[in-house]
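1. okay, predicted coordinates and the sequence, questions at the end:
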Amino acid sequence: MGGEPSILVALATYNELENLPSLVEAIRRELPDADVLVVDDNSPDGTGRWCDKFAASNSWFSCLHREGKQGLGSALAVAMNHAVEANFRLLLTLDGDWSHPPNCLPQLVEAAEKAEVVIGSRYCPGGRVKGWPWYRRLASKVNNALSRHVAGLPTSDNSGNLRAYDVLLLGQLELSQFQSAGYSFLEEILWHLGRLNARFAEVPITFSNRRAGASKIGLREVGGKLATLSRLAWRRCFPGS
């Protein structure tokens with residue numbers, strides 16, 4: 001690809017071989033000029049091997065390999081640092097399991113013309129969740145209500161990973177100082193971007209349950225969410241602490 005790189009789409013993966021090939025194809029179809037980066041945590045199912053083989057014949061695709069399962073948040077931090085160092089203009093992130101619709105990516109890019117952080121939202125007007133049992137819906141809504149009211153986040157969906165970030169703004173963050181390595185990174189980075197007076201926007205999406213494979217969210221991640229929100233609430237009330 002000639003000239004300055006513009007858009008990077010990043011996916012953090014662990015055992016997503018059943019989903020990733022078709023998802024990468026769909027991403028490229030929606031954003032034919034974008035580069036795609038996978039950060040893989042040494043997936044036992046061969047996700048990383050597939051990435052290397054695919055990258056060998058597609059210059060717009062690359063994979064960063066990590067030695068073990070280190071968490072979604074730390075993988076996103078790696079992708080963000082890569083986007084900053086490679087001078088991309090816009091970083092888009094989404095899950096590697098087809099839960100986020102790739103056909104919404106152009107809408108995020110368009111909305112990013114007027115906002116520095118764009119969230120593909122399940123909970124703004126027009127957004128919805130498909131295929132979840134009631135208890136997952138309830139847990140997600142409670143988590144997002146806490147994010148808004150306890151940590152002071154301005155958006156309705158703060159726990160989803162379908163996002164567009166202005167890379168210049170990401171370059172102002174000290175990502176190495178973040179305390180969240182798991183899913184709670186998603187709330188923590190919004191909090192830090194809010195402190196930089198970022199302009200936020202939300203685009204409604206239909207979120208679907210993963211197509212194949214197993215969910216990576218367990219009780220440890222739930223505890224991490226609560227700990228992160230408590231920490232952010234404390235820092236909101238006592239900024240100098």
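-> Cool, the structure landed.

2. show me what contacts the residue nearest the centre of the chain?
-> For the chain, Asn161 is the residue whose C-alpha lies nearest the centre (Cα atoms, centre = their mean; 3.2 Å). Contacts for Asn161 (Cβ atoms under 8 Å, 6 or more residues apart in numbering) come out as Leu72, Leu76, Thr93, Leu94, Asp95, His100, Leu186. Using the backbone N, CA and C atoms, a C-beta is placed for each residue, glycine as well.

3. doesn't Ser184 make contact with the first one?
-> No: assessed by Cβ atoms under 8 Å, Leu72 is found out of contact with Ser184, at 9.2 Å.

4. how close does the nearest residue to Leu105 once chain neighbours are set aside sit to Gln179?
-> In space, and not counting its chain neighbours, Leu105 is closest to Glu30: 4.8 Å by Cβ to Cβ, 6 or more residues apart in numbering. Glu30 sits 34 Å away from Gln179, going by Cβ to Cβ, to the nearest Å.

5. cool, and Ala77?
-> For Ala77, the distance to Gln179 (Cβ to Cβ) stands at 11 Å.

6. and Ile7, by the same measure?
-> 29 Å.

7. ranges for the helices of the protein?
-> Counting by DSSP state H, one finds helices in the chain at the ranges 20-30, 47-55, 72-85, 105-111, 134-149, 167-170, 185-195, 219-237.

8. can I get these in JSON lines with mean neighbour count, mean pLDDT and distance to Asn209?
-> Listed next are the helices of the chain as JSON lines, based on neighbours: other Cβ atoms under 10 Å; pLDDT from 0 to 100; distance: least, Cβ to Cβ, whole Å:
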{"stretch": "helix 20-30", "mean neighbour count": "17", "mean pLDDT": "98", "distance to Asn209": "15"}
{"stretch": "helix 47-55", "mean neighbour count": "19", "mean pLDDT": "98", "distance to Asn209": "20"}
{"stretch": "helix 72-85", "mean neighbour count": "21", "mean pLDDT": "96", "distance to Asn209": "17"}
{"stretch": "helix 105-111", "mean neighbour count": "18", "mean pLDDT": "98", "distance to Asn209": "20"}
{"stretch": "helix 134-149", "mean neighbour count": "15", "mean pLDDT": "85", "distance to Asn209": "9"}
{"stretch": "helix 167-170", "mean neighbour count": "19", "mean pLDDT": "97", "distance to Asn209": "30"}
{"stretch": "helix 185-195", "mean neighbour count": "20", "mean pLDDT": "91", "distance to Asn209": "18"}
{"stretch": "helix 219-237", "mean neighbour count": "16", "mean pLDDT": "65", "distance to Asn209": "17"}
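
9. in TSV, list those helices along with distance to Pro125.
-> Converted to TSV, the helices of the chain look like this (distance: least, Cβ to Cβ, whole Å):
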stretch	distance to Pro125
helix 20-30	23
helix 47-55	36
helix 72-85	27
helix 105-111	14
helix 134-149	15
helix 167-170	26
helix 185-195	19
helix 219-237	24
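
10. I'd guessed Gly160 sits against Arg122; true?
-> Yes: here Gly160 reaches Arg122: they are 6.2 Å apart, a contact under Cβ under 8 Å.

11. mutual contacts of the two, please.
-> Common neighbours of Gly160 and Arg122 (criterion: Cβ under 8 Å, 6+ apart): Phe207.
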